[in-house]
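Engineer: structure for this input, please:
(chains A and B)
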Amino acid sequence: MSEKTLFDKLWNSHTVADLGDGVALLYIDRIFLHERTGSISLIGLEDEGRAVANPEKVFCTMDHIIDTVPGRSDTTTMEGGREFIEMTRQATAQAGIRLFDIGDQRQGIVHVTSPEQGIVLPGLTLVCPDSHTCTQGAFGALAWGIGSTEAEQALATNVLRVEKPKNMRVTFDGELSAGVTAKDMILHLISAYSTSGAVGYAVEFAGTAVSILSMESRMTLCNMAVEFGAFTGMIAVDEKTVDYVEGRPFTPQGALWDQAVKDWEDLKSDSGAKFDKEIVVDASKINPTVSWGTSPGQSIAIGETIPSPESFTERNQNIATKNAQKYMAVTPGTRLNDLKIDAAFIGSCTNSRLTDLRRVAKILQGRKVAKGIRAICVPGSTKVKQDAEAEGLDQIFKDAGFEWRESGCSMCFFAGGESFGFEERVISSTNRNFEGRQGPKTRTHIASPETVAASAIAGHICAAADLEEV
Amino acid sequence: MMEGFQTINSKAIPLLLINVDTDAIIPSREMKRVSKRGLSEGLFAGWRYKSNDSRELEPDFILNDPEYNGAKILLGGDNFGCGSSREHAVWALHEYGIRVIIAPSFGAIFYKNCIRNGILPILLSDQNIEPLSGKELKINLENQLINDDISFEIAPADKEMLLDGLDDIELNLKHVDDIRSFENNDRVKRPWAYL
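Structural biologist: Model prediction:
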């Protein structure tokens, strides 16, 4: 069989040695670290007396633990955060690794700053001790999340031993309706095929509704491949990919650029390539979608009603539904629109890029956040923040009643510092609605940034299309 | 370098929930220091303790049942260990004493983290897991058997790594010539990929 999938091409071009039983030694082109799980890898290596093989291909940013309040410093609201920051600074300096520190324009969430700086490129392998590394597969790269011990392995040897996952293609056919976004596509997919639907697979997203997405929206789609259970997600390279990558700080220049662009032409699945599993979704049937439970798979369209546990015949699903409804304080038959919220959060590696903020600003313009609701926007990188400010977006957010923050992962998760309160209901543009994710007993509903903004204004869960005219 | 995996005899703790994520296994707030140690206290903190700011045990949580004191085997539901890549989840489980986790499927990163830290993840269907609840089990990795009669699959490389307590870096460095020659060819083929 000569027809190959995009994933097979990426896999083959990085195979250093076939170790048998489906395991290969894969060459790693880029390694990204952050202060939460990266510092521990560097320190682990140092303890074993090993060195980083090629520091020039390793990058590190501060995103997980640093504060996002204006005027932040190394002191964090999270107890002990300073240790993570200082040890990261020290370990990266010692190893000769580039660090995007507080105050650097390049500082930001790994999966926002890496594409922005041209660190991820089509055809590369990139790993990071962060599960949402699959985001960067949007560039036709093989990018996946690893543990800290695996990161040590990659840092010391430039290779990783990987068992080859199977090939899956998810085709979104047709056109999205107005106001439906990449976030709704992925939530819809996961709710239909479950959070373990792609366990054991590398997933290529394809189809007309995917090719029409901007690069930033493609990143949103690939970001939650891990919530679908996938090894990673990816999208074929096209003109949009090349246009996005061109001219960024770490992108190849001159003759190298020309050769790269030529090489990238092949970064798509050949027609006739065989996938182990194919899923086809009618994109025109997708509506703005929001989670009601404690797993991203527990999501429904905003107009639908919350299901009853009895509607799941499988015992485990039935129990999970009951537990989730108890935690979330929601009852079967309730429409999401009827749920009042306490807070709204826009940020995270899923939805915090400039185009996300521009779309939200359009909704917020001339409107105000409903009384008593805490609304926060955390741009994905310092550059996103600065670019947004240059366009005056920050003023629109602030005028509407949003807090405008410094960049970082922020309240996507609760690390012991800042949190949404006990039993508060939060609508959030993030990727995880697990129990306690955003704070002890905090109830998280994940949604597109448009839905988050509209809900903040309405005071209850609300699609942007359902807002009253300004 | 981990210790090699030995045959385990222990009661099996049933935590038969689907999608037990790594935030549940160890919440972010329990990862207080840059260290792989001292994490077991934070294991399942959201479920194991009565409230966020106390260490008073929640009697209804299965790990707090005195019957399972010192148990080394955990039974889980579909997609066990999904979510965040935090290896702290595995470090906390290991420090607590867990050596085997049996579930119908695992989060991909969590699975690999287990192998690298001396915890054996076993794939078994729901129907086969349920009858094991609370039972005294014998897990033999060498023969890939539970109680001498239920067999399980594991990738040969993963088995070898667990049994011998091998270190990936050592294993990779056996291929140092392959790595060198790949790099030399690749630099010519894809010069744009190198910084």
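
Engineer: longest helix of chain B?
Structural biologist: For chain B, the helix reaching the highest residue count under DSSP state H is reported as helix B:176-189.

Engineer: do that helix and chain A meet?
Structural biologist: Yes. Looking at helix B:176-189 against chain A by C-beta under 8 Å from any C-beta of the partner chain, the contacts come from B:178-179, B:182-183, B:186. Where C-beta positions appear, they are placed from N, C-alpha and C, glycine not excepted.

Engineer: report the buried members of the residues you listed.
Structural biologist: Buried by 16 or more other C-beta atoms under 10 Å in any protein chain shown: B:178-179, B:182-183, B:186, out of these.

Engineer: what packs against the helix or strand where B:L137 lies?
Structural biologist: Assigned by DSSP states H and E, B:L137 belongs to strand B:136-140. In terms of contacts (3 or more C-beta pairs under 8 Å, 6 or more residues apart in numbering or on different chains; DSSP states H and E), strand B:136-140 is packed against strand B:8-15, strand B:145-146.

Engineer: buried residues in that strand?
Structural biologist: So for strand B:136-140, counting by 16+ other C-beta under 10 Å, buried means B:137, B:139.

Engineer: what of stretch B:53-69?
Structural biologist: Judged by neighbour count (16+ other C-beta under 10 Å), stretch B:53-69 contains these buried residues: B:62-63, B:68.

Engineer: with just CA atoms, put the strand holding B:L137 into PDB.
Structural biologist: Coordinates of each C-alpha in strand B:136-140 appear next as PDB, following Å, rounded to 0.1, in the frame of the first residue of the first chain:
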ATOM      1  CA  GLU B 136      -7.600 -11.200  47.400                       C
ATOM      2  CA  LEU B 137      -5.700 -11.200  44.100                       C
ATOM      3  CA  LYS B 138      -2.300 -12.500  43.000                       C
ATOM      4  CA  ILE B 139      -0.800 -10.600  40.100                       C
ATOM      5  CA  ASN B 140       2.000 -12.300  38.300                       C
END
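
Engineer: hmm, stretch A:58-66 in reach of chain B?
Structural biologist: No. Stretch A:58-66 stays clear of chain B (C-beta under 8 Å from any C-beta), getting no nearer than 8.6 Å.

Engineer: from the centroid of chain B, which residue is nearest?
Structural biologist: Residue closest to the average C-alpha location in chain B (C-alpha atoms, centre = their mean): B:C114, at 3.1 Å.

Engineer: name the nearest residue to that one, ignoring sequence neighbours.
Structural biologist: Among residues not flanking B:C114 along the chain, B:P121 sits closest, at 4.5 Å (C-beta to C-beta, 6 or more residues apart in numbering or on different chains).

Engineer: now that neighbour, what's its secondary structure?
Structural biologist: The local conformation at B:P121, judged by DSSP: H, G, I helix; E, B strand; the rest coil, is strand.

Engineer: does A:A344 touch A:I373 like I think?
Structural biologist: Yes. Assessed by C-beta atoms under 8 Å, A:A344 is found in contact with A:I373 at 6.3 Å.

Engineer: these two: who's more crowded?
Structural biologist: More crowded of A:A344 and A:I373, by other C-beta atoms under 10 Å in any protein chain shown: A:A344, with 30 against 21.

Engineer: which residues does that one bridge with?
Structural biologist: According to DSSP bridges, the partner residues bridging A:A344 are A:A375, A:I427.

Engineer: contact partners for it?
Structural biologist: Counting by C-beta atoms under 8 Å, 6 or more residues apart in numbering or on different chains, A:A344 touches A:369, A:373-376, A:426-428, A:452-453, A:455-456.

Engineer: please apply the same query to A:A464.
Structural biologist: By C-beta under 8 Å, 6+ apart, the contact set of A:A464 is A:179, A:288, A:363, A:450-451, A:453-454.

Engineer: which ones, among these, also lie beside chain B?
Structural biologist: Within the contacts of A:A464, nothing lies near chain B by C-beta under 8 Å from any C-beta.

Engineer: any idea which of the residues you listed is least confident?
Structural biologist: Within the set of the contacts of A:A464, pLDDT is lowest for A:G179 (95).

Engineer: take the buried residues of stretch B:53-69 and lay them out in CSV including distance to chain A, secondary structure and pLDDT.
Structural biologist: CSV is the format used below for those (distance: C-beta to the nearest C-beta, whole Å; DSSP: H, G, I helix; E, B strand; the rest coil; pLDDT from 0 to 100):
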residue, distance to chain A, secondary structure, pLDDT
B:I62, 14, helix, 97
B:L63, 16, helix, 97
B:Y68, 20, helix, 98
